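> Test case, fold it:
(one chain, ligands or ions: 1)
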Amino acid sequence: QETQPLAGQSVLITAGPTREAIDPVRYISNHSSGKMGFALAKAAADMGAAVTLVAGPVNLATPEGVTRINVESAQNMLDAVMDNVDKKDIFIGCAAVADYRVSDIADCKIKKSAEEMQLALVRNPDILATVASLANRPFVVGFAAETHDVEAYARDKLKRKNLNMIAANDVSVAGLGFNADANALRVFWPQGSQDLPATDKLTLARQLLSLIVKEKTK
Ligand code: PMT
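Got it, this is the predicted structure:
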């Protein structure tokens, strides 16, 4: 059916930021609003897919028909993804996952004392690369948030993380990307690429999903 090109397909999407606790009242995070990932979830559901959305802390309503799982940290997000990835046809990692977490979360609120203090950080697991390494993996689509050398970094992530496709956005452009209603994507896959010029995130989500359907069925 032309308007339901994802009928019968199961799609798992991550969206929003993660929060990495410092102590009971503080955390490290980023400016992701979840809008891009939620637009993908809505567009995929509209195209007939069964959609599971793993969402970091965001202020957005769940799109109709979408199963939502709320998480906080990168480790929580990885656990939720691994619990739900089985038998999924497509995985899209749109979340802005923190690359590092605090190595020792303080049990009590850290008191103000010395003029300087240091936080020790450790690397978080890479959710996208973990999904891509599964034996029975879905079609794996990553995002790349870059401020410069967009194509080179995106192609490097495509290859290094062993992805089927990557959607890069230049997050240095005002009015696009993080926490904006519009975005522009440059999509790369091993044999090709396509530019999706600036427009609202729902339109872009539909365009990206159409590209995924096309490449996946090749
Ligand atoms: O949420 P919005 O306000 O709508 O903004 C949308 C967006 C800018 C957040 C989105 O379009 C976007 O670019 N998402 C990816 C942000 C990001 O973390 O990019 P990255 O280049 O650092 O990561 C590359 C890829 O690896 C991403 O698919 C990311 O989900 C994934 N990743 C990163 C680190 C990690 N530990 N695990 C991961 O899976």
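
> Please count neighbours and contacts with C-alpha atoms only from this point.
Will do.

> End to end on stretch 97-107, go ahead and measure it.
23 Å (Cα to Cα, to the nearest Å).

> Quick check: closest non-adjacent residue to Ala98.
Distances taken as Cα to Cα, 6 or more residues apart in numbering place Thr18 nearest to Ala98, at 6.0 Å, with adjacent residues excluded.

> Backbone dihedrals for the one you found, both of them.
phi -110, psi 160 (degrees, to the nearest 10).

> Please apply the same query to Leu204.
phi -60, psi -40.

> Count the neighbours of it for me.
22 (other Cα atoms under 10 Å).

> Tell me what the residue nearest to it when sequence neighbours are not counted is bridged to.
Nearest non-adjacent residue to Leu204, counting by Cα to Cα, 6+ apart: Leu196, 7.0 Å away. Beta-bridge partners for Leu196, by DSSP bridges, are Leu185.

> which residues touch Leu196?
Ala184, Leu185, Arg186, Val187, Leu204, Gln207 (Cα atoms under 8 Å, 6 or more residues apart in numbering).

> how close does Asp83 sit to Ala145?
26 Å.

> Comparing those two, which residue is more hemmed in?
Ala145 (19 against 9).

> Show me what the host helix or strand of the more buried one is in contact with.
Here Ala145, judged by DSSP states H and E, is contained in strand 139-146. If you take Cα under 8 Å, 6+ apart as the criterion, strand 139-146 is touched by 89-94, 128, 131-132, 153-154, 157-158, 163-172, 216.

> Please repeat the previous calculation with a cut-off of 6 Å.
90-94, 154, 163-171 (Cα atoms under 6 Å, 6 or more residues apart in numbering).

> among these, which are in strands?
Ile90, Phe91, Ile92, Gly93, Met165, Ile166, Ala167, Ala168, Asn169, Asp170 (DSSP state E).

> Where do the helices of the chain begin and end?
35-46, 74-84, 127-132, 150-160, 201-216 (DSSP state H).

> Buried residues in the fourth one, which are they?
Spelled out, it's helix 150-160. Val150, Glu151, Ala154, Arg155, Lys157, Leu158 (16 or more other Cα atoms under 10 Å).

> The ligand versus the fifth one, what's the distance?
According to Cα to the nearest ligand atom, to the nearest Å, Lys157 stands 7 Å off from the ligand.

> and the residue nearest to Ala98, how many neighbours does it have?
29.

> I figured it hits Gly56, correct?
Yes. Counting by Cα atoms under 6 Å, Thr18 touches Gly56, with 5.3 Å between them.

> roughly how far apart are the nearest residue to Asp46 once chain neighbours are set aside and the ligand?
Once flanking residues are discounted, Asp46 sits nearest to Gln4: 7.3 Å by Cα to Cα, 6+ apart. Using Cα to the nearest ligand atom, Gln4 is found at 24 Å from the ligand.

> Was I right to think Gln4 contacts Met47?
Yes. Under the criterion of Cα under 6 Å, Gln4 makes contact with Met47 at 4.3 Å.
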